[in-house]
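Enquirer: Below is the sequence, then the predicted model.
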Amino acid sequence: MDITDRKILGLVQNKADLQLAEIARHVGISKTACWNRVRRLEEIGVIEGRFTKLNRVLLDLPVVVFLAITVRRHSKEWIKQFQFIIDQYPEIMEVHRLTGDGADYQLKIVCSSIEDYDKLQQELIEKIEFNSMSSHVSLLELKSTTALPISS
């Protein structure tokens, strides 16, 4: 990837519906060259998809909870089962395996109410083999972005 590819990525990650002609103009190449670069970036997996960011609050999903989970086992079988379980819940937006003290996994969950979160957590308690769980409710979202810090 060169500087032109990075400029293209910087543009499209912030505005997925940007017209090809506009991208080409911003980076200083022809539409055909730009199209070829975008296609190549898709083919090699740098561009994984395009999406529209929705306002979760206006869609009645104001509650964000971070659920920390500590587990006994870290076997391949446990991880496979855990992956299967979390994939069943669209409310689970992100899951990260962590290092260091504290939790082994951090889940970001979006719900319409604390009651809905409680119901989901109770289901997870029934399905996941774990040592401990700890919930943290977000009071205020100060920053949320999908844009990666691409240097050009």
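Expert: Sure thing, it's come through. Numbers count the residues shown, from 1 in each chain.
Enquirer: Without its sequence neighbours, what residue ends up closest to the residue in the chain sticking out farthest from the centre?
Expert: Here the chain reaches farthest from its C-alpha mean at residue 30, the gap being 32.5 Å by CA atoms, centre = their mean. Nearest non-adjacent residue to residue 30, counting by CB to CB, 6 or more residues apart in numbering: residue 24, 6.1 Å away. (Glycine included, C-beta is placed from N, CA and C.)
Enquirer: OK, contacts around the one you found?
Expert: Neighbour list for residue 24: 30, 31, 33, 34 [criterion: CB atoms under 8 Å, 6 or more residues apart in numbering].
Enquirer: Out of these, who's the most crowded?
Expert: Neighbour counts for these peak at residue 34, which has 21 neighbours (criterion: other CB atoms under 10 Å).
Enquirer: helix or strand for that residue, which one?
Expert: Using DSSP states H and E, the secondary-structure element containing residue 34 is helix 31-43.
Enquirer: For that helix, which helices and strands make contact with it?
Expert: Helices and strands touching helix 31-43, by 3 or more CB pairs under 8 Å, 6 or more residues apart in numbering; DSSP states H and E, are helix 3-14, helix 20-27.
Enquirer: And the last one, what's buried?
Expert: So that's helix 20-27. 23, 24, 27 (16 or more other CB atoms under 10 Å).
Enquirer: The residue positioned nearest the centre of the chain in helix, strand or coil?
Expert: Residue closest to the average C-alpha location in the chain (CA atoms, centre = their mean): residue 94, at 5.4 Å. Under DSSP: H, G, I helix; E, B strand; the rest coil, residue 94 falls in the strand class.
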